[in-house]
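Visitor: the following comprises the amino acid sequence and a computationally predicted model.
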Amino acid sequence: MLLKTLVFNLVGMIYKLVMRSIKIPLSVLFSLFFMLSHVAFADTTNVFCAKPDGSKWYWLKNNEGNQVTVSGEWEEVTLQNNDNIYIFKISHTNYDNLNSQCRENFVAQPANNTFSSWSVFYVNKADGTNYIAPGIYISLPECSACFIRFK
């Protein structure tokens, strides 16, 4: 949303500057804005490793001690049992890479920060199929303020 606002403001400034020297129809600039505002931009999130029951977890860190991040896309989905959860879409290759860095009996899970909801990865395979990765998640209507992980 912030990006759309920035693009809109940029288009407005360009229009004001251009109108002083070259006459470009407003419809052309609105078309440009519309195209730019609908481009899909990847999100980036941190990764933590947790036991499948959520009893233990830790931030996944690289060799330099920095939190590991992954690019993908956040989305809210409704499961077959009507639970609404957040998922983070990534490729099967990325998921396998992240999961292999977790300790034995731990699985990789996405989180923006300590206050993020417990979410899981939605893994897209090369053959076009996908699956929800194992892990703990909290349904959104269940608890809107109980996502804190202390560590």
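Guide: Yep, that arrived.
Visitor: which strand residues bridge residue 73?
Guide: Beta-bridge partners for residue 73, by DSSP bridges, are residue 89.
Visitor: show me where this protein has its helices.
Guide: Ranges of helices in the chain, per DSSP state H, are 2-21, 26-37, 92-101.
Visitor: those: lowest mean pLDDT?
Guide: Ranked by mean pLDDT, these end with helix 26-37 at the bottom, a mean of 47.
Visitor: ok, and the closest non-adjacent residue to residue 77?
Guide: Leaving aside its chain neighbours, residue 77 sits nearest to residue 87 (5.5 Å; criterion: CB to CB, 6 or more residues apart in numbering). C-beta: built from backbone N, CA, C; applies to glycine.
Visitor: ok, now residue 102?
Guide: residue 49 (3.6 Å).
Visitor: got the domain boundaries for the protein?
Guide: Annotated domains of the chain cover 2-37, 43-132 [automatic domain parsing].
Visitor: just name the most buried of the ones you listed.
Guide: With neighbours taken as mean count of other CB atoms under 10 Å, the domains of the chain reach their highest mean count in domain 43-132, at a mean of 15.
Visitor: quick check: the gap between residue 43 and residue 52.
Guide: Using CB to CB, to the nearest Å, residue 43 is found at 24 Å from residue 52.
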